[in-house]
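J.: Next comes the sequence, and after it the predicted model I'd like to discuss.
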Amino acid sequence: MKLMTMWRDALHGLTKKPVTQRYPFVRQEAPDQLRGHLVWNRETCTGCGLCAKDCPAEAIEVITLDKKAKRFVFRYHVDRCTFCAQCVESCRQNCISMLSDRWELAAVDKEAFLVHYGDEADVQAALAGEPDSGAPAAE
Ligand code: SF4
Ligand code: SF4
């Protein structure tokens, strides 16, 4: 009986179409709810640092250059992110969202996994180590 089942499965396997997809040659639309790469909206960010505090993977740093002037830099460690969406939930200002169409994140270069969002001059200042860079912002 078992042999019959095995032969039937083998024949079935030889005749049916493969269930695998020809990725990357054939791509399917990603579902709208897919949790992909983070994006940050600096317009509404208050620099509260909740996103960084609540991230279980320590994948976010909010660098405060000037709190009064709302100069913040959002540093995102893509290689640490588990795409849990906790930061999206935690942000009361709805600054963080996840792109459903940006999920092919493999790279040979390590630099690709460190992303800075913010005003270009502020990002440069943060990289240069001005004034509070490197430390997550605290209220
Ligand atoms: S999705 Fe999760 S792991 Fe990724 S940055 Fe947000 S809180 Fe951290
Ligand atoms: S939780 Fe939102 S408002 Fe607070 S620092 Fe993060 S992105 Fe900015």
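T.: Arrived safely, thanks for sending. Ligands and ions are numbered 1, 2, ... in the order given.
J.: hey, let's count contacts and neighbours off CA atoms from now on
T.: Will do.
J.: What residues sit buried inside the helix ranked longest in the chain?
T.: Looking across the chain with DSSP state H, the single longest helix is helix 2-15. Along helix 2-15, no position meets the burial threshold by neighbour count (16 or more other C-alpha atoms under 10 Å).
J.: Now do the same contact list for the spatially most central residue of the chain.
T.: In the chain, the residue lying closest to the centroid (C-alpha atoms, centre = their mean) is H37, at 3.3 Å. By C-alpha atoms under 8 Å, 6 or more residues apart in numbering, the contact set of H37 is 78, 83, 98-100, 102-103, 105.
J.: near ligand 2, which residues of this structure?
T.: Contact residues, the chain versus ligand 2 (C-alpha under 6 Å from any ligand atom): 45-51, 62, 90-93, 95-96.
J.: Strands - which of these land there?
T.: 62, 96 (DSSP state E).
J.: Apply the buried test to the residues of the chain next to ligand 2 and list what passes.
T.: The neighbour-count test (16+ other C-alpha under 10 Å) marks 45-51, 62, 90-91, 95-96 as buried among these.
J.: which among these gets closest to E120?
T.: Among those, V62 lies closest to E120 (C-alpha to C-alpha), at 15.1 Å.
J.: Point out the residues in this protein that sit beside ligand 1.
T.: Contacts of the chain with ligand 1, taken as C-alpha under 6 Å from any ligand atom, map to 55-57, 59-60, 81-87.
J.: export those residues to JSON lines and tack on distance to M4, pLDDT and secondary structure?
T.: Shown next, in JSON lines, are the residues of the chain next to ligand 1 (distance: C-alpha to C-alpha, whole Å; pLDDT from 0 to 100; DSSP: H, G, I helix; E, B strand; the rest coil):
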{"residue": "C55", "distance to M4": "53", "pLDDT": "98", "secondary structure": "coil"}
{"residue": "P56", "distance to M4": "51", "pLDDT": "98", "secondary structure": "coil"}
{"residue": "A57", "distance to M4": "50", "pLDDT": "98", "secondary structure": "coil"}
{"residue": "A59", "distance to M4": "53", "pLDDT": "98", "secondary structure": "coil"}
{"residue": "I60", "distance to M4": "56", "pLDDT": "98", "secondary structure": "strand"}
{"residue": "C81", "distance to M4": "48", "pLDDT": "98", "secondary structure": "coil"}
{"residue": "T82", "distance to M4": "45", "pLDDT": "98", "secondary structure": "coil"}
{"residue": "F83", "distance to M4": "45", "pLDDT": "98", "secondary structure": "coil"}
{"residue": "C84", "distance to M4": "46", "pLDDT": "98", "secondary structure": "coil"}
{"residue": "A85", "distance to M4": "48", "pLDDT": "98", "secondary structure": "coil"}
{"residue": "Q86", "distance to M4": "51", "pLDDT": "98", "secondary structure": "helix"}
{"residue": "C87", "distance to M4": "54", "pLDDT": "98", "secondary structure": "helix"}
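J.: Thanks again, I'm all set now.
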